[in-house]
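**Q** next input, structure requested:
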Amino acid sequence: MAGFRKDRVSEDIRREITALIRELKDPRVKDKMLTVVRVEVSPDASYAKVFVSALSGVEEAKEAVKGLTAATGLIRREVGNRLHLRKAPDIKFIADDSVEQGVRLFEKLDRAKRGSHDDN
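**A** Just a heads-up that it's a prediction; the model follows:
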């Protein structure tokens, strides 16, 4: 698969899974501040790794991954239907802590900024 098509399919899958997460009724997923960070698609588009992060931390992301894994069949079918794919990829959800790391980084930057203003 050409690189640009693979990137486009990855982004399309990310967009659709983000929308599907909002529709799921599983309590492990519902009302959580979840973000699909990225999607890695295999060269033949038969597999997709979906990296999910939660604003409240990696533990909540791991719990959400359990709920998403339970709904993999539904999500795979819906992604295939919405994107008109001949064969929807096998989806594996992985907890990611990049959003939590970003929040911590911004907090550190904010503290450093306030600390430099106190010196003046």
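**Q** dihedrals phi and psi, the spatially most central residue of the chain?
**A** For the chain, Val36 is the residue whose C-alpha lies nearest the centre (CA atoms, centre = their mean; 1.6 Å). The phi and psi values for Val36, taken as degrees, to the nearest 10, are phi -90, psi 110.
**Q** with Ile91 instead?
**A** Torsion angles, degrees, to the nearest 10, at Ile91: phi -110, psi 130.
**Q** any stretches of the protein with poor pLDDT?
**A** Scanning the chain for pLDDT under 70 picks out 1-2, 117-120.
**Q** okay, how far is it across stretch 84-98, tip to tip?
**A** Using CA to CA, to the nearest Å, the end-to-end distance of stretch 84-98 comes out at 31 Å.
**Q** that stretch: which residues count as buried?
**A** Ala88, Pro89, Ile91, Phe93, Ile94, Ala95, Asp96, Asp97 (16 or more other CB atoms under 10 Å). (C-beta placed from N, C-alpha, C; glycine too.)
**Q** and for stretch 61-70?
**A** Ala61, Lys62, Glu63, Ala64, Val65, Gly67, Leu68.
**Q** the strands in the chain, which residues?
**A** Ranges of strands in the chain, per DSSP state E, are 34-41, 47-54, 90-95.
**Q** wait, which of these is closest to Glu107?
**A** strand 47-54 (16.3 Å; CB to CB).
**Q** strand partners of the closest one, parallel vs antiparallel please.
**A** Applying DSSP bridges, strand 47-54 is found paired with strand 34-41 (antiparallel), strand 90-95 (parallel).
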